[in-house]
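> A structural model of the following input is requested.
(chains A and B)
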Amino acid sequence: MKSRSRRFAAVDILLILMMALPIAAAIVLKVLTTPPSDGINITGARIFFTIPMPVQDLPITEAQINSWLVLITVFGLCLYLTHGLSVRGGSKRQHAVEWIVEKCQNMVVDSMGEYFAGFAPFITAIIGLSACSSLMSLFGLFPPTSDLNVVAGWAVLVFILITYYKLKAGPLVYLKSLTEPVALLTPINIIGEFANPISMSFRHYGNVLSGTVISVLLAAGLQGLSSMVLGWLPGFLGELSLLQIGIPAVLSVYFDLFSGCLQAYIFAMLTMMYVSGGFPAEEYFARKARKEQKRKQKLEVN
Amino acid sequence: MLELAIGIILGACALGAGTAMVAGIGPGIGEGNAVAKACEAIGRQPESKGSVTSTMLMGCAIAETTGLYALVIAILLIFVAPNLLVNILLRAIGA
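Numbering: from 1, shown residues only, chains lettered A, B, ... in the order given. Reported below is the predicted structural model:
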């Protein structure tokens, strides 16, 4: 195990700051830019400024800023976890990160097969990014995943991946797979291709957004209820909304913690299922073998 | 007259959002069935609890999709549609 020199500790502190500062910056930004309002206030992502672009102006919104900050935080977390790895022994941190890596690799191999073992970093990145984005709402920030644009971006990325792996065995196999089981179903199959990213993004965004909307409605409702029931209390006690203490936290455990992590898991699971399910393994390996054979024949002729 | 027209638009949007959320019944029944079957399976084979639970969560998430489509439409009807429709109305009468 590496001895904990002063330099090691300094780098550690820097990395922890790298994790914590983006969150703090987001909170400060939120406090500074939120206009004072009372009552129920459900809005989408706040637009900070727009960059003029040739086709359409590019608005820089809260969702984008927050997701950049999440990226920095996740990056810092990764650097912190992998800081000071050693071959022998190892710290608690190293055991934790080894456990995570092993779990993710096992999960990917279990659900996608050996051929896709290289997908583990990508899937882990999706889970980490999605979970950390959804957990932003624990700090009272705008979770980037409750904006359709952010999640739709990921879904488009996954859609490109799926199509790439479907095209691996040649375009003819791909076109033929669209006409199965009968040629009559081709239009439905084509719609089904494009429905995948839409349903994936809607599922993730709808779950996170519904949690946000319900928490806001509940907070407003509890405020009204407590001013109605406990408004007769003297002095400042009557103005405090006492019912708001504690009750929203219980729902927050479900809507923020459980739902956010579950959606990250489901998004990653669906990615794995679609990619490995759409991959025509038999045709691909047959084609590969045929190519190999042709190459050998050519070599022999030469 | 204009107030009446805008009022009708807002009311119709709210009614539409409420009606759209009737779709929440379907996923509710479906997920209930899925969880009931999963509980049965775990009761019969307690050692397969882990895989049954993760499969059930996957299935629930997929069964939820139709409900979420309804939710998205309801949210659009509440937060996006009124603005859009009132603007169209104002443009149509040239105000």
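> make it CA atoms for all contacts and neighbour counts henceforth
Noted.
> Name the spans of chain A whose pLDDT lies under the cut-off.
Residues of chain A that meet the criterion pLDDT under 70 lie in A:1-4, A:37-43, A:235-241.
> hmm, stretch B:43-58 in reach of chain A?
Yes - figure legend: stretch B:43-58 in contact with chain A (CA under 8 Å from any CA of the partner chain); contacting residues residue B:58.
> Tell me which residues are up against that stretch.
A:266, A:269, B:34, B:35, B:38, B:41, B:42 (CA atoms under 8 Å, 6 or more residues apart in numbering or on different chains).
> need the residues of chain B near chain A, please.
On the criterion CA under 8 Å from any CA, chain A has as its neighbours in chain B the residues B:58, B:61, B:64, B:65, B:68, B:69, B:71, B:72.
> The same query, at a cut-off of 6 Å, please.
B:65, B:68 (CA under 6 Å from any CA of the partner chain).
> So which elements touch the longest helix seen in chain A?
In terms of residue count, the longest helix belonging to chain A (DSSP state H) is helix A:186-229. Taking 3 or more CA pairs under 6 Å, 6 or more residues apart in numbering or on different chains; DSSP states H and E as the contact definition, the neighbouring helices and strands of helix A:186-229 are helix A:148-166.
> hang on, the earlier thing: now do the longest helix of chain A and helix A:148-166, the angle between them.
Using axes from the mean of the first three to the mean of the last three CA atoms, to 10 degrees, the inter-axis angle of helix A:186-229 relative to helix A:148-166 is 150 degrees.
> Run through the helices of the chain in chain order.
As the question left the chain open, I've gone with chain A. Taking DSSP H to define them, one finds helices in chain A at A:6-33, A:62-81, A:92-112, A:120-135, A:148-166, A:171-178, A:186-229, A:236-239, A:247-252, A:259-278, A:281-301.
> look at chain B instead
B:2-20, B:25-44, B:49-63, B:65-75, B:81-93.
> can you tell me the average pLDDT over the shortest one?
It refers to helix B:65-75. pLDDT averaged over helix B:65-75 equals 88, rounded to a whole number.
> deepest of the helices of chain B, which one?
Of the helices of chain B, the one with the most neighbours on average (mean count of other CA atoms under 10 Å in any protein chain shown) is helix B:65-75, at a mean of 21.
> Remind me what it packs against, helices and strands.
Going by 3+ CA pairs under 6 Å, 6+ apart, helix B:65-75 lies up against no helix or strand.
> and that helix, how far out from the chain's middle?
When C-alpha coordinates are averaged (CA atoms, centre = their mean, to the nearest Å), helix B:65-75 and its chain have centres 3 Å apart.
> Equivalent analysis for stretch A:90-104, please.
Relative to its parent chain, stretch A:90-104 has a centroid offset of 21 Å by CA atoms, centre = their mean.
> Next: stretch A:291-302.
Taking the mean C-alpha point of stretch A:291-302 and that of its whole chain, the gap between them comes to 46 Å (CA atoms, centre = their mean).
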